Each structure stands twice: as C-alpha cells, then as structure tokens.
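K.L.:
pasting the sequence and the predicted coordinates here, then a few questions.
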Amino acid sequence: MSIENKIRIGIIGAGNIGKVHAGEFSKLGDECVITAITDAYLPLAVERAKQYGIASVANSPEELIQRSDVDAVIIGVPNQFHAPLAVQALAAGKHVLLEKPMGINGEAARQIMKASQASDRIVMVGHQMRWESVPMQIKEQIDRGELGKIYTAKTGWFRRKGIPGWGTWFTQMDQSGGGPLIDIGVHMLDLALYLMGNPKPVSVYGATYAEFGPSRKGIGTWGKPNWNGTYDVEDLATALIKMEDGSTLSLEVSWAVHMDTDNTPFIHLMGSEGGASYRGAEGKLLTEKFDRPIETVLRKADNDEGERARLSRHFLECIREGKQPITSALTGLTNNLVLDAIYESSRTGSEVKLDWNLN
C-alpha cells in the first residue's frame with residue numbers, strides 16, 4: 001500500500017502504554033504509519049520517536065491534533081485529560097483511540113459521546129481483554145447459543161500487593177477518577193458486560209474501602225512512587241449491578257488485600273444451558289449431558305499473535321470501513337456510568353439508579 005493510502009497516526013503520551021501502542025502499530029506498516037508523537041516530557045517522546053522510527057515530535061497535544069498528516073490520534077495519558085483531548089481531536093476531524101477508562105467520570109464520558117455523535121469520526125476505547133484468545137472463544141460459543149440465557153455473572157481481579165505509583169496521578173482522585181475500580185475494575189466490567197450480550201445496567205449497590213493506601217501498605221511494582229504525593233482513592237471495591245433484563249453482575253476488585261489470591265482476573269458466566277469461566281490464560285465451558293457435568297478446557301494457541309495486535313487491526317479496520325468498534329463510545333459511557341454509580345452508592349450507602357440522560 002502506498003504511503004498516500006495509509007492511515008496516519010499520532011500518539012499523545014509516550015509513557016508505558018504509549019510505548020505499547022507505538023510497538024503494535026509500527027508492526028502494521030502495510031496499513032498505517034505513525035507520523036508524530038508527543039508527551040508532557042518531550043525528551044521521552046524524542047526517545048520513542050527514535051525507537052520506532054517516528055518522523056516528528058510535536059511540542060504539544062494541541063499541535064499534534066492540528067497536524068494535516070495525522071488522521072487518527074491515540075490518547076494514552078492520565079484519565080483527567082481523556083475527554084478534553086478526545087473532544088478536541090474529534091472537532092479537528094481525527095479518529096480517536098482512547099485508553100481506558102473513556103472518561104474520568106460519567107460527565108467526561110458524556111462529553112466524548114456527544115462529540116462523537118456530532119462527528120463522523122471513529123471513537124474506540126482500548127479494552128484489550130475483549131481481544132484475548134480465551135474470551136474470544138467463549139464469546140463465539142455464547143453467540144452460538146451454547147450458554148442459553150446468561151442470568152448472572154461474577155467477575156473480579158484481586159491484587160494482593162499491587163498499588164501502582166503511590167502518590168502519583170494513579171492515587172489522586174482528581175486526576176485518576178478512582179483507584180482499582182476505575183483502573184482494573186473497568187476492564188472486568190467491560191468484558192463481563194460484553195460477554196453477557198451488552199445488557200443495559202439500571203441500578204447498582206456498591207462499597208469501596210481504603211485500608212492499605214493511606215498507610216502506604218500494599219505498594220506494587222508498577223510506576224515510580226512519589227512519597228510527597230497523596231492517596232485519596234480506594235484500594236478495594238465491591239458491587240452488585242442489576243440489568244434492565246433482570247440479569248445481575250457481581251464485581252470485586254482490589255489493588256491490595258489480605259487474601260489467598262493469584263492476582264489473576266476472572267469471570268464466571270452462568271447461563272440456562274451452560275456456563276463459562278475465564279481466569280488468566282485459560283477458560284472452561286461447563287454444561288450437563290446425560291445427567292453428568294461436562295467441562296471443556298479453553299487455551300490460547302501457542303502461535304497466538306496477541307490481543308493488542310487484534311485490537312490495533314480492529315481500529316484500522318473500523319476507520320477504513322466506517323463501522324463502529326466493538327468497544328465504541330457507547331460502551332465507554334456505559335462503563336463510566338456504572339463506575340460513577342458504584343462510587344455514589346458507597347458514599348450514600350444506598351442503591352443508585354443509573355442516569356442515562358446524555359444531555
């Protein structure tokens with residue numbers, strides 16, 4: 001494919017996740033080219049540009065968004081900047097791939113949703129777990145009707161000692177929007193709702209706890225701590241989410257907790273004709289035949305190309321074909337509304353009904 005027909009990509013954020021995107025999209029040189037990158041710390045952007053052969057380093061996100069040689073923008077920056085940058089990029093006629101969560105809260109997600117509706121550009125949220133091999137195999141069986149009606153599900157991710165970047169934006173509510181609930185819980189919420197068939201959440205009862213972070217316990221290895229910073233988010237969250245069709249989803253996540261856990265994300269789906277379990281790199285399909293329990297083990301192939309590769313290709317495919325991503329702006333908004341409701345329920349001690357007003 002000639003360079004004139006390739007999708008031209010700009011990356012905002014050269015940190016860990018920006019590096020991941022640069023690596024994946026640089027492998028797809030037949031379909032796209034990364035033309036520019038920027039970061040709040042420009043020397044890091046310069047380093048990534050040299051590492052991945054990116055032609056230009058923009059001085060700011062605003063400069064990158066306005067470039068004529070950028071068709072699509074990848075946003076991998078702290079949560080508080082997702083909505084302002086996404087709205088600006090959409091107004092400039094750029095397609096957008098946003099790291100999760102779509103917004104720092106429901107209001108920010110609404111802003112992105114409205115900007116998306118006013119534009120003919122693609123908005124995709126980077127929930128890579130939907131492209132993992134085992135969940136894809138489970139989804140295929142669900143779509144074939146093998147599980148029947150999924151009436152309840154349980155999902156979670158317990159890290160025993162995994163608080164990231166203590167004192168940085170990760171642990172400050174005004175910059176991150178929350179702790180493990182919005183950090184890793186959004187992944188599990190998103191994947192569970194997707195596998196359940198995207199039922200509409202209508203109410204939530206939840207609670208959050210901060211028993212480790214304020215005492216500087218449970219510190220993990222991700223990110224560099226800032227001991228002069230603050231910690232005002234939760235380190236564990238639990239919730240029961242009820243859907244419009246009567247189905248329910250139980251969600252439990254932690255960054256730090258005293259329990260016997262292998263630190264692996266999990267989902268259990270319970271259907272009228274069968275069930276499915278996912279834990280890390282393995283899964284199971286469960287049913288009953290001839291009055292006996294039957295289990296089928298699911299694993300990813302040895303030569304699996306990886307979820308990030310499939311996610312990246314899906315983004316380019318959606319741009320080329322003008323179709324909605326499976327992780328669309330609507331799914332991002334749904335996740336944010338549920339997260340907001342869990343935090344609100346924890347504050348009030350009451351059940352919270354979701355507000356689906358987009359205005």
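P.N.:
Great, that's in hand. Residues are numbered from 1 along each chain as shown.

K.L.:
R299 is in contact with K284, isn't it?
P.N.:
No: judged on C-beta atoms under 8 Å, R299 makes no contact with K284 at a distance of 10.2 Å. Glycine gets a C-beta too; all of them are placed from N, C-alpha and C.

K.L.:
for these two, indicate the residue with more neighbours.
P.N.:
Neighbour totals were compared for R299 and K284, and K284 leads with 16 against 12 (other C-beta atoms under 10 Å).

K.L.:
correct me, but the more buried one touches P293?
P.N.:
No: between K284 and P293 there is no contact under C-beta under 8 Å: 10.9 Å.

K.L.:
okay, buried residues for stretch 261-272 please.
P.N.:
Using 16 or more other C-beta atoms under 10 Å as the test for burial, stretch 261-272 gives P265, F266, I267, H268, L269, M270, G271.

K.L.:
give me the nearest residue to the second one, chain neighbours excluded.
P.N.:
Nearest non-adjacent residue to F266, counting by C-beta to C-beta, 6 or more residues apart in numbering: R279, 4.5 Å away.

K.L.:
and that neighbour, how many neighbours?
P.N.:
By other C-beta under 10 Å, 14 other residues sit near R279.

K.L.:
so what's it up against?
P.N.:
Residues in contact with R279 (C-beta atoms under 8 Å, 6 or more residues apart in numbering) are T264, P265, F266.

K.L.:
and the first one, what are its phi and psi?
P.N.:
When you say that, I think you mean T264. As for T264, its main-chain torsions (degrees, to the nearest 10) stand at phi -110, psi 130.

K.L.:
what distance do you get for it to W157?
P.N.:
8 Å (C-beta to C-beta, to the nearest Å).

K.L.:
for the last one, same thing?
P.N.:
F266 is 7 Å from W157, where distance means C-beta to C-beta.

K.L.:
equivalent analysis for the second one, please.
P.N.:
Shown here: P265 relative to W157, a distance of 4 Å by C-beta to C-beta.

K.L.:
common neighbours of the two, please.
P.N.:
The contact sets of P265 and W157 overlap at I184, H187, M188 (C-beta under 8 Å, 6+ apart).

K.L.:
for the stretch 1-150 of the chain, which segments are assigned as helices?
P.N.:
16-26, 42-52, 61-65, 82-91, 106-117, 133-143 (DSSP state H, counting those that start in this stretch).

K.L.:
now, of these, which is deepest in the fold?
P.N.:
Among the helices of the stretch 1-150 of the chain, helix 82-91 has the highest mean neighbour count (mean count of other C-beta atoms under 10 Å), at a mean of 22.

K.L.:
report the buried residues of the helix or strand where E288 lies.
P.N.:
For E288, the element it lies in under DSSP states H and E is strand 282-289. Within strand 282-289, the residues that qualify as buried are G283, K284, L285, L286, T287, counting by 16+ other C-beta under 10 Å.

K.L.:
residues contacting the fourth one?
P.N.:
Meaning L286. By C-beta under 8 Å, 6+ apart, L286 lies in contact with G274, G275, A276, S277, P293, I294, E295, T296.

K.L.:
again, 6 Å this time
P.N.:
L286 sits next to G275, E295 when contact means C-beta atoms under 6 Å, 6 or more residues apart in numbering.

K.L.:
can you tell me how far it sits from Q137?
P.N.:
According to C-beta to C-beta, L286 stands 14 Å off from Q137.

K.L.:
what do you get for the second one?
P.N.:
Taking C-beta to C-beta as the measure, K284 and Q137 are separated by 11 Å.

K.L.:
ok, the last one next?
P.N.:
Relative to Q137, T287 is positioned 15 Å away (criterion: C-beta to C-beta).

K.L.:
same check, this time on the first one
P.N.:
Taking C-beta to C-beta as the criterion, G283 is separated from Q137 by 7 Å.

K.L.:
need the residues touching each of those two.
P.N.:
By C-beta under 6 Å, 6+ apart, the residues touching both G283 and Q137 are L298.

K.L.:
M243 bridge partners, please.
P.N.:
P201 (DSSP bridges).

K.L.:
that one against P199, yeah?
P.N.:
Yes: M243 is within contact range of P199, at 3.8 Å (criterion: C-beta atoms under 6 Å).

K.L.:
verify the stated contact: P199 with D245.
P.N.:
Yes: here P199 reaches D245: they are 5.1 Å apart, a contact under C-beta under 6 Å.

K.L.:
looking at the two, which one has more neighbours?
P.N.:
Just comparing P199 and D245: by other C-beta under 10 Å the higher neighbour count belongs to P199, 19 against 13.

K.L.:
name all residues that make contact with that one.
P.N.:
Contact partners of P199, counting by C-beta under 6 Å, 6+ apart, are M243, D245, S247.

K.L.:
sorry, back to before: export the helices of the stretch 1-150 of the chain as a markdown table, with columns for distance to R313 and mean pLDDT.
P.N.:
A markdown table is the format used below for those (distance: least, C-beta to C-beta, whole Å; pLDDT from 0 to 100):
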| stretch | distance to R313 | mean pLDDT |
| --- | --- | --- |
| helix 16-26 | 9 | 97 |
| helix 42-52 | 18 | 98 |
| helix 61-65 | 23 | 98 |
| helix 82-91 | 21 | 98 |
| helix 106-117 | 21 | 96 |
| helix 133-143 | 13 | 97 |
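
K.L.:
how about the ones you listed in TSV, adding distance to I7?
P.N.:
Shown next, in TSV, are those (distance: least, C-beta to C-beta, whole Å):
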stretch	distance to I7
helix 16-26	9
helix 42-52	16
helix 61-65	15
helix 82-91	14
helix 106-117	18
helix 133-143	24
